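In: what's the 3D shape of this:
(one chain, ligands or ions: 1)
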Amino acid sequence: MATLSDPEPDFTTLPVMDGEVFTAPLRKPDHVGDDWIEPRQRDYDAADDAIWDDLYARQMDILPGRAASAFLAGTQKLALGRGGVPEFARLSSELGALTGWSVVPVPMLIPDHVFFWHLANRRFPAGNFIRTRETFDYIEEPDVFHDVFGHVPMLADPVYADYMQEYGRAGWKAMRYNRLKALGALYWYTVEFGLVMEQAGLRAYGAGILSGPTEAVFALEAKSPNRIFLNVDRVMRTDYVIDDLQPTYFVIDSFADLYRQTVERDFDRLYRGLNPGFTYANAAVIDVDNVLHRGTQEYLLRGGRASGAKAV
Ligand SMILES: [Fe+2]
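Out: All right, here's what the predicted structure looks like:
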């Protein structure tokens with residue numbers, strides 16, 4: 001019985017937000033409507049395209065043998081390295097032919113309920129700007145490189161594409177129970193920072209890992225972080241940091257397993273049993289964990305990014 005989402009919601013219109021539901025306070029720019037979609041994709045100049053090309057080349061140097069095979073296949077199928085920032089209309093038609101997804105430009109981070117609504121309709125919102133040379137290595141606000149290079153190749157995988165849609169559909173129910181933070185943790189530890197155990201070994205499929213230079217190596221090879229097999233209940237009770245390398249990564253066996261674990265879970269029961277004021281610390285290993293690697297947390301103990309600690 002699938003209970004991740006409500007049984008018969010109408011996903012064609014934007015969900016109504018209950019005033020009690022906590023969501024990040026974001027001010028909508030005047031030039032976008034309630035769907036937050038930009039009227040058109042930005043015209044990137046040659047300098048912007050060169051930033052994309054350099055970022056692409058750097059990641060493709062690091063990622064073979066570290067990125068999930070579905071991700072690497074997606075970058076090829078969608079030819080993300082053909083030069084410059086991809087044009088969303090062409091990207092959407094190619095991706096649409098594979099899995100029915102499209103990519104739409106948005107000005108910035110968008111409200112949760114709008115984000116869920118786009119995913120439920122197989123639209124992936126992507127930033128309508130690219131980082132500068134000054135912020136080449138790290139930006140907090142997701143830009144077009146993070147969103148398109150990091151997320152879109154995985155949407156070319158049919159099972160993962162279904163997972164993302166189900167995740168969007170799940171937003172309605174999480175809002176009804178006021179459990180967006182818990183559902184957000186699931187996104188964080190799968191879509192952004194997930195690892196998958198392939199036959200050839202551990203690989204990364206999370207966009208937060210795949211779109212940056214440091215975390216692909218840290219997540220897969222460093223001694224510091226914990227690597228724990230995914231348990232949906234446990235992950236949805238786990239805290240997370242947004243501005244540093246993760247102290248813990250969660251590992252799935254396959255995308256089919258991820259899909260099954262989430263859509264078959266009784267989320268009514270899970271949300272009712274969740275205490276919103278309680279979360280596991282993000283570095284904790286707890287007794288229910290199926291641990292692949294127990295981290296030393298040396299990076300965290302040395303003070304993390306703020307102290308200039310080495311990512312070991
Ligand atoms: Fe992301």
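In: please make it C-alpha for all contacts and neighbour counts, starting now.
Out: Noted.
In: nearest residue to residue 258 in space, please, no chain neighbours.
Out: Nearest non-adjacent residue to residue 258, counting by C-alpha to C-alpha, 6 or more residues apart in numbering: residue 252, 6.4 Å away.
In: and for residue 248?
Out: Residue 248 sits nearest to residue 226 (C-alpha to C-alpha, 6+ apart), 4.5 Å away.
In: same check on residue 190?
Out: Counting by C-alpha to C-alpha, 6+ apart, residue 206 is the residue found nearest to residue 190 once chain neighbours are left out, at 6.2 Å.
In: and if you look at residue 12?
Out: For residue 12, ignoring the flanking residues on the chain, the nearest one in space by C-alpha to C-alpha, 6+ apart is residue 121 at 7.6 Å.
In: ok, the residue nearest to residue 190 - contacts?
Out: Neighbour list for residue 206: 150, 151, 189, 190, 191, 192, 193, 194, 195 [criterion: C-alpha atoms under 8 Å, 6 or more residues apart in numbering].
In: go with 10 Å
Out: For residue 206, the contacting residues are 67-68, 71, 150-151, 154, 187-196, 216, 249, by C-alpha atoms under 10 Å, 6 or more residues apart in numbering.
In: now the buried members of the residues you listed.
Out: With neighbours counted by 16 or more other C-alpha atoms under 10 Å, those contain buried members at 67-68, 71, 150-151, 154, 187-196, 216, 249.
In: list the ones among the residues you listed that fall in strands.
Out: Among the buried ones among the contacts of residue 206, the members falling in strands (DSSP state E) are 195, 196, 249.
In: any idea how far residue 64 is from the last one?
Out: Distance check for residue 249 against residue 64: by C-alpha to C-alpha, to the nearest Å, it reads 19 Å.
In: next one: residue 202
Out: For residue 202, the distance to residue 64 - C-alpha to C-alpha - is 12 Å.
In: neighbour count for those two, which is higher?
Out: Set side by side, residue 202 and residue 64 show more neighbours around residue 202, with 19 against 13, by other C-alpha atoms under 10 Å.
In: which SS state does that one fall under?
Out: With DSSP: H, G, I helix; E, B strand; the rest coil as the basis, residue 202 sits in strand.
In: if I pick it, what's in contact with it?
Out: So residue 202 contacts 65, 66, 67, 68, 195, 196, 219, 220, 221, 251, 252, 253 (C-alpha under 10 Å, 6+ apart).
In: now the residue nearest to residue 192 when sequence neighbours are not counted. Its backbone dihedrals?
Out: Closest residue to residue 192 apart from its sequence neighbours, by C-alpha to C-alpha, 6+ apart: residue 206 at 4.1 Å. Main-chain dihedrals, residue 206, degrees, to the nearest 10: phi -80, psi 140.
In: residue 294: what's it in contact with?
Out: 223, 224, 225, 226, 227, 228, 248, 283, 284, 285 are the contacts of residue 294 under C-alpha under 10 Å, 6+ apart.
In: okay, it: pLDDT?
Out: For residue 294, the pLDDT comes out at 97.
In: could you check how far it is from residue 228?
Out: 8 Å.
In: which residues are common contacts for the two?
Out: With C-alpha under 10 Å, 6+ apart as the test, residue 294 and residue 228 both reach 248, 285.
In: excluding chain neighbours, what is closest to the residue of the chain most remote from its centre?
Out: The C-alpha centroid of the chain is most remote from residue 46, which lies 28.3 Å away (C-alpha atoms, centre = their mean). In space, and not counting its chain neighbours, residue 46 is closest to residue 84: 7.9 Å by C-alpha to C-alpha, 6+ apart.
In: got the contact list for residue 97?
Out: 91, 156.
In: right, and residue 118 touches residue 106 too?
Out: No - contact criterion C-alpha atoms under 10 Å: residue 118 and residue 106 do not qualify, at 11.1 Å.
In: all the strands of the protein, residue numbers only.
Out: Using DSSP E, the strands of the chain run over 102-106, 123-127, 195-198, 201-204, 226-229, 248-252, 291-293.
In: export these to CSV and tack on distance to residue 92?
Out: Listed next are these as CSV, based on distance: least, C-alpha to C-alpha, whole Å:
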stretch, distance to residue 92
strand 102-106, 4
strand 123-127, 9
strand 195-198, 26
strand 201-204, 24
strand 226-229, 33
strand 248-252, 28
strand 291-293, 37
